[in-house]
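A.B. asks: next comes the sequence, and after it the predicted model I'd like to discuss.
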Amino acid sequence: MTADQLVVLGNTSRENDDPEQALAYYAQAFVQDRLNSHAWNNYGNVLRESGDPAGAVPFLQRSITLNPANATTAQFNLAVAYLLQGNYALGWAQYEHRWNFEHLAGTLPAFSQPQWNGEDLTDKTILVLGEQGHGDNIQFIRFIWNLHKLGARIVLQINRNLAPLFSDSPVLDQIVDVGQTPESFDYWIPIMSLPRVLGVTLENLAQMQSYLIADEGRYRAWLKHLGPKHQLRVGFCWSGRRDTWVNRYKGMDLDHMLALIQRNPNYDWINLQMDATEEETQRLVAAGVVEYNLPVATFADTAALVSTLDVVISVDTAMAHLGAALGRPTWIMLGAQAVDWRWLLDRDSSPWYLTAQLFRQPSRGDWASVTDRIHQYLSWFKI
């Protein structure tokens with residue numbers, strides 16, 4: 001069997017949720033062919049997904065050295081390994097390789113104005129480009145305050161679902177839709193490149209209780225709609241984007257969420273899973289979840305609802321970022337495999353969100369232990 005065939009077998013094992021067997025195949029591949037860059041990259045990537053980013057780094061570096069002209073995937077994986085370790089000094093710079101990776105390749109705009117790399121922003125206009133997922137933009141929007149302190153006039157290009165959420169920001173001068181370009185600006189930068197230029201590390205990351213505020217009118221409308229509160233209100237979200245490969249690790253089966261709800265009937269459970277199917281909604285109602293049929297069209301509407309809650313319980317999805325950015329107690333349930341770099345490892349708090357509590361699977365697929373801990377925390381939680 002050739003090294004390339006062994007790599008294919010490793011990839012199949014990874015797809016079948018068997019990282020140990022995948023590692024064994026990749027190891028056989030680079031033992032058979034020490035110059036096979038794919039085997040080195042894939043071995044390092046699965047190590048990182050399995051919670052060993054430090055161990056992954058030399059394998060990814062070796063892959064890049066072996067085939068620097070075709071190292072796009074290894075370069076990106078190396079960035080994620082650095083960031084997962086909390087090595088932001090290396091991670092942010094390495095993360096610029098995302099613009100050559102998969103769906104982002106070729107999407108970096110070619111403006112005639114220069115990309116900002118730390119130049120004086122006094123009385124200058126900077127265009128900040130939203131990118132990737134809703135949660136990414138919610139997490140990184142905090143850095144516009146840094147630009148404001150540097151004297152910049154800030155224009156944000158963001159999609160229509162998020163624009164109303166950010167529209168009340170006192171430091172944003174203009175918001176434009178994706179695909180629109182303001183008439184004039186001096187510099188531009190993708191929003192997730194800001195921490196690289198600003199020199200953000202774990203040590204100097206600003207500790208903020210919250211940095212988003214819900215619209216007052218929408219908030220009061222939700223308070224009226226929900227009616228008098230007689231018990232704790234708990235919002236919940238059990239799945240990320242269902243069309244993504246990684247959601248097999250991020251999301252949980254609805255059965256786990258239902259079991260938690262049924263064990264804790266003395267709470268007002270609020271469904272925050274905006275893409276819940278009709279069947280899922282019916283199962284939730286049968287478990288005692290009340291339907292509150294007020295339209296939720298944008299993240300501004302969702303933020304108003306979340307602001308009425310006493311706690312948000314969510315898997316790793318945009319809802320977790322929203323709850324924490326609003327300063328609500330947010331309990332984030334994390335899988336053991338392929339954990340996202342922003343949650344780091346071996347900790348139950350987040351340097352990004354002061355009100356976030358992390359509940360990690362002790363082993364791959366063990367959501368029952370996570371919901372057991374949530375159940376215990378709910379019994380302690382008071383407002």
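C.D. replies: Yes, it's here.

A.B. asks: buried ones in stretch 138-158?
C.D. replies: Of the residues in stretch 138-158, 138-148, 150, 152-158 count as buried by neighbour count, 16 or more other C-beta atoms under 10 Å. Placement of C-beta: from N, CA and C, glycine included.

A.B. asks: and if you look at stretch 8-26?
C.D. replies: So stretch 8-26, judged by 16+ other C-beta under 10 Å, has buried residues 9, 10, 11, 13, 14, 19, 22, 23, 24, 25, 26.

A.B. asks: and the spatially closest residue to residue 213 that is not a sequence neighbour, what element?
C.D. replies: Distances taken as C-beta to C-beta, 6 or more residues apart in numbering put residue 168 closest to residue 213, at 6.8 Å, once the chain neighbours are dropped. Under DSSP states H and E, no helix or strand contains residue 168.

A.B. asks: these two touch, right, residue 168 and residue 212?
C.D. replies: No: if you go by C-beta atoms under 8 Å, residue 168 and residue 212 don't touch, sitting 9.2 Å apart.

A.B. asks: between those two, who's got more neighbours?
C.D. replies: residue 212 (24 against 13; other C-beta atoms under 10 Å).

A.B. asks: you'd agree that one is up against residue 325?
C.D. replies: Yes: in this structure, residue 212 is within contact of residue 325 by C-beta under 8 Å, at 4.5 Å.

A.B. asks: and the strands in the stretch 151-300 of the chain?
C.D. replies: 153-157, 174-176, 187-190, 233-237, 268-271 (DSSP state E, counting those that start in this stretch).

A.B. asks: out of those, the one nearest residue 109 is which?
C.D. replies: strand 187-190 (7.4 Å; C-beta to C-beta).

A.B. asks: other residues contacting the closest one?
C.D. replies: 108-109, 111, 113-116, 119, 121, 124-129, 131, 197 (C-beta atoms under 8 Å, 6 or more residues apart in numbering).

A.B. asks: ok, and the closest non-adjacent residue to residue 288?
C.D. replies: Using C-beta to C-beta, 6+ apart, the nearest residue to residue 288 is residue 265, at 6.0 Å.

A.B. asks: per-residue pLDDT of that neighbour, please?
C.D. replies: Per-residue pLDDT puts residue 265 at 94.

A.B. asks: please report how far it lies from residue 86.
C.D. replies: Distance of residue 265 to residue 86, computed by C-beta to C-beta, to the nearest Å: 40 Å.

A.B. asks: tell me which of the two has more neighbours.
C.D. replies: Neighbour totals were compared for residue 265 and residue 86, and residue 86 leads with 17 against 10 (other C-beta under 10 Å).

A.B. asks: from residue 76, how far out is the more buried one?
C.D. replies: 18 Å.

A.B. asks: try residue 288
C.D. replies: Distance from residue 288 to residue 76, by C-beta to C-beta: 44 Å.

A.B. asks: between the two, who's got more neighbours?
C.D. replies: Applying other C-beta under 10 Å to residue 288 and residue 76 shows that residue 76 carries more neighbours, namely 23 against 14.

A.B. asks: my hunch is that the more buried one is in a helix, does that hold up?
C.D. replies: Yes: according to DSSP: H, G, I helix; E, B strand; the rest coil, residue 76 belongs to a helix.
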